[in-house]
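**Q** Return a 3D structure for these sequence lines:
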Amino acid sequence: MPALRQQVRVHSDRAPHPSAVIIDSQSIKTTEKGGHGATMGVSG
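**A** Residues are numbered from 1 along each chain as shown. A predicted model of the protein is given here:
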C-alpha cells in the first residue's frame with residue numbers, strides 16, 4: 001500500500017513522502033503509567 005500512496009503523490013506533483021507529521025496530544029503517553037486515566041485523575 002505505501003508504494004501506491006507514493007505513486008498517487010508523484011502523479012499529483014507532490015513529493016513521494018510527506019514532509020511533515022502531525023501528532024495530537026491524545027496519541028502520546030504523557031506519564032510512565034500512560035493513557036487517559038493517568039492524565040485525567042482516574043484511579044483503578
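**Q** quick check: longest helix of the protein.
**A** Using DSSP state H, we find that the single longest helix of the chain is helix 2-11.
**Q** Please, which helix or strand holds Pro18?
**A** Element membership for Pro18 (DSSP states H and E) is empty, with no helix or strand holding it.
**Q** list the contacts for it?
**A** Contact analysis of Pro18 by C-beta atoms under 8 Å, 6 or more residues apart in numbering lists Arg9. (Glycine included, C-beta is placed from N, CA and C.)
**Q** Swap in 7 Å and give it another go.
**A** By C-beta atoms under 7 Å, 6 or more residues apart in numbering, Pro18 lies in contact with nothing.
**Q** distance of it from Arg9?
**A** Separation of Pro18 from Arg9 (C-beta to C-beta, to the nearest Å): 8 Å.
**Q** And for Pro2?
**A** Distance, Pro2 to Arg9, using C-beta to C-beta: 10 Å.
**Q** count of neighbours near Gln6?
**A** 14 (other C-beta atoms under 10 Å).
**Q** Same check on Arg9?
**A** Residue crowding around Arg9 was assessed by other C-beta under 10 Å; the count is 14.
**Q** Look at it and report its pLDDT.
**A** Arg9 carries a pLDDT score of 89 in this model.
**Q** my read: it touches Pro16, true?
**A** Yes: between Arg9 and Pro16 a contact is recorded at 5.5 Å, counting by C-beta atoms under 7 Å.
**Q** Give me the common contacts of those two.
**A** By C-beta under 7 Å, 6+ apart, Arg9 and Pro16 have no common neighbours.
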